[in-house]
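A.B. asks: missing the sequence, but the structure's below:
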């Protein structure tokens, strides 16, 4: 546990000491701001049954920001250690492989979560200055953040796997982007195949990030989702661990 | 301290090391020599538990490096080839991080960080980013890191590569002084360094141990014949023939330079014919201004052992 905390501190310091982190944070805030402005603009145009939370979390800006975030956050994690050779000093210190994988995953997850904090203030300020009912209840605001947590775990783990596969950060980012977007577009299978098979629709609805966000932003917390993403995360981390160990051993 | 039994490592298509066995006792400084690609780094990486062997066992301080790897690593300070470091950290920060990762904390950590900075003379750059350091300082930071938890055993993979002669001398002195308290296994291509610092030499070639002994014993065992050099002014027409008649001389070659002959006299292995040659010179009334015997060096041993099939 002590070693895990030391490793985590180190990984977090890489995130928060580097200027790149603040550039990411800055760009992310712009996208979030656009997304929020867009949500309010829509609500201003005509009467709507949607809350500002719903519009915000289902906008194109939101999804672009969400999907592009993971390659940027995770590409460095393992690829850089392999590239610099620091993997050799790291793994010959008395640390276990799973501690290294976990610390990198947790650091990326914490950084990812910290990026979403400002947007929470948008809603608080909006509710304070504007119309309480346009936001909905506290539960309705917090539900999408719960989804962002579990869904983010899954996507960060996907990025960890991509980064563990290569020594080149750009390649890691590309793999991560393809996996992230590939998974996101699973929903579209329905449209492409144009099938009326209820089974296919049920399966895609079960894994679709769009559908999940749609229900959570309405305040509907689906417990299946809360089981699905964490268990997929665990699976991905186990695969990452295996890939990491494999690459180290054949080095 | 190190016990290696029948260690073999195969990469796809290549066998890097073939059933290597050797021991290193506590307090020894062992030089690990061999041509590039002989398997030195592979052996060191297995010993440091960075990767497992295909077969065979290795122990560090009694701990199996694969099965009980965490305990083996606690006894080990390892400096990999090319000294990988985090460029985004400052020297102090890096040493504190590595020290705490290796189990140090509180005043003990502070004391050790101070001590290794002093020992490896990196105090003057303690607040600099590692990415801005010169090669020599990076090397010393790496060494300081390896020493931070006072390991019983140090494994150093080419600790002096890429350093200038002054830095090499400093690092060599440092290693020698460390030898008093630590067991050291180091690989290098600078053979004079090994002759000065190491109490024993292991030469490997193509994944097999070719020799393992004290450097002076290895040099003594060498089979190449020695050479005696003499510079003399002679009155004789053909001094080379006279020298060839001395028992034990194999061949003589000479050059003439402003009346002085420079003789290069090949003699039989492990024999010293300087006295006989001197007596001949006295008898013939030659004026001798130089008479020396070339000594075999570790380099000769290294070349002889590893050259045959390379």
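C.D. replies: In hand now; what should we look at? Since the structure is predicted, the reported quantities are computational estimates derived from the model, not experimental observations.
A.B. asks: okay, which residue is most central for chain A?
C.D. replies: Nearest residue to the geometric centre of chain A (Cα atoms, centre = their mean): residue A:152, 2.9 Å.
A.B. asks: distance of that residue from residue B:305?
C.D. replies: According to Cβ to Cβ, to the nearest Å, residue A:152 and residue B:305 sit 59 Å apart. Every C-beta, even on glycine, is put in place using the N, C-alpha and C of the backbone.
A.B. asks: need the three-state assignment for residue B:50.
C.D. replies: Assigned with DSSP: H, G, I helix; E, B strand; the rest coil, residue B:50 falls in the coil class.
A.B. asks: that one: how many residues sit nearby?
C.D. replies: By other Cβ atoms under 10 Å in any protein chain shown, the residues close to residue B:50 number 24.
A.B. asks: what's the answer for the one 4 residues further on, then?
C.D. replies: Applying other Cβ under 10 Å, we find 13 residues neighbouring residue B:54.
A.B. asks: what does residue A:189 give?
C.D. replies: Residue A:189, neighbours per other Cβ under 10 Å, totals 15.
A.B. asks: what helix or strand is the closest residue to it other than its chain neighbours on?
C.D. replies: Excluding its sequence neighbours, the residue lying closest to residue A:189 (Cβ to Cβ, 6 or more residues apart in numbering or on different chains) is residue A:204, at 5.5 Å. For residue A:204, the host element (DSSP states H and E) is helix A:198-207.
A.B. asks: show me what stretch B:282-292 is in contact with.
C.D. replies: With contacts defined as Cβ atoms under 8 Å, 6 or more residues apart in numbering or on different chains, stretch B:282-292 is touched by B:228-236, B:239, B:242, B:260, B:274, B:277-278, B:281.
A.B. asks: one more time with 10 Å, if that's ok
C.D. replies: B:227-236, B:239, B:242-243, B:259-263, B:265, B:274-275, B:277-278, B:280-281 (Cβ atoms under 10 Å, 6 or more residues apart in numbering or on different chains).
A.B. asks: how many neighbours does the closest residue to chain B within chain A have?
C.D. replies: Relative to chain B, the nearest point of chain A is residue A:85 (3.5 Å; Cβ to the nearest Cβ). Residue A:85: 17 surrounding residues under other Cβ under 10 Å.
A.B. asks: helix, strand or coil: sort out the nearest residue to it once chain neighbours are set aside for me.
C.D. replies: Once flanking residues are discounted, residue A:85 sits nearest to residue B:84: 3.5 Å by Cβ to Cβ, 6+ apart. For residue B:84, the reduced secondary structure class is coil; criterion used: three-state DSSP.
A.B. asks: may I ask which helix or strand encompasses residue 142?
C.D. replies: No chain in the question, so chain A it is. Per DSSP H and E: residue A:142 is located in helix A:138-164.
A.B. asks: that answer is for a different chain, and I need it for chain B
C.D. replies: helix B:135-147.
A.B. asks: can you give me the domain boundaries for chain B?
C.D. replies: As given by automatic domain parsing, the domain ranges for chain B are B:2-221, B:227-295.
A.B. asks: end-to-end on the first one?
C.D. replies: The reference is to domain B:2-221. This stretch, domain B:2-221, spans 26 Å end to end (Cα to Cα, to the nearest Å).
A.B. asks: residue B:238 - how many residues pack around it?
C.D. replies: Residue neighbour count, defined by other Cβ under 10 Å, stands at 10 for residue B:238.
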